[in-house]
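*Asks:* Give the three-dimensional model of this entry:
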Amino acid sequence: MHPRTHLSICKFLTRYPFISSPNPKTLIPSKPISTNSFHPFFINPTTLNNNNKPSYTQFKICRAYNVETDKVVDEINLKFAEAREEIEMAMESKETVYFNEEAECARAVVKQVLDLYDGLLSKLPEKERGGIQRSMGLKIEQLKAELEQLNE
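*Replies:* Numbering: from 1, shown residues only. Model (predicted):
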C-alpha cells in the first residue's frame with residue numbers, strides 16, 4: 001500500500017471511529033431460528049432416561065445377504081481383479097510370441113470368475129439374486145466384453 005494512502009486512512013479512522021449502530025438495519029427479513037428444528041443431535045427432554053442422560057436410538061445395519069455369500073462375493077471380486085490384470089497383460093503382449101499363453105491364462109481366470117458368479121446365483125433365492133446381479137452384473141458384463149476384445 002502506498003504510504004500516503006496509509007496515512008490518510010489512519011487519519012480518517014481516528015476522526016470517525018467504528019461505532020455500533022443501536023438498531024441494525026438489514027434488507028433481509030429475519031426470523032428467529034430454533035435449534036430444535038434442524039440440529040440432528042438436539043436432546044429432546046422426552047428422550048431422557050431415569051438418570052437424566054439422553055437415550056439415543058440405535059441404528060441396525062442390515063446386510064443384504066449372509067456371511068457365506070459375502071465370502072463368495074469377496075472371492076469373485078478378487079478373481080475379477082486377477083482376470084482384469086491377465087487380460088491387460090495379454091493385450092500388451094498382442095502380436096508377440098507370448099500372446100497365446102497369456103490369452104489362455106486370461107481365458108482360464110475369466111472362466112473361473114464366470115463359474116463362481118453363476119454358481120452363486122444358482123444357490124441364492126430370488127430376492128438376494130437380484131441384489132447380487134445389480135451390484136456385480138455390470139462388472140461381469142465388462143469382463144465378458146474385455147474377453148471378446150482379447151479374442152478378436
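*Asks:* wait, doesn't Ile140 sit right on Tyr117?
*Replies:* Yes - look at Ile140 against Tyr117 with Cβ atoms under 8 Å: they come within range, at 5.6 Å. Just so you know, the C-beta spots here come from the backbone N, C-alpha and C atoms, and that holds for glycine as well.
*Asks:* what's the next secondary structure element after the lowest-mean-pLDDT helix or strand in the chain?
*Replies:* Lowest on mean pLDDT, DSSP states H and E among the helices and strands of the chain sits helix 35-38, with a mean of 48. Using DSSP states H and E, the next helix or strand after helix 35-38 towards the C-terminus is helix 67-92.
*Asks:* what's that following helix packed up against?
*Replies:* helix 99-123, helix 126-151 (3 or more Cβ pairs under 8 Å, 6 or more residues apart in numbering; DSSP states H and E).
*Asks:* more crowded one of Ile140 and Tyr117?
*Replies:* Ranked by neighbour count (other Cβ atoms under 10 Å), Ile140 and Tyr117 place Tyr117 first, with 22 against 18.
*Asks:* Next one: that one, what pLDDT does it get?
*Replies:* Confidence at Tyr117, expressed as pLDDT, is 95.
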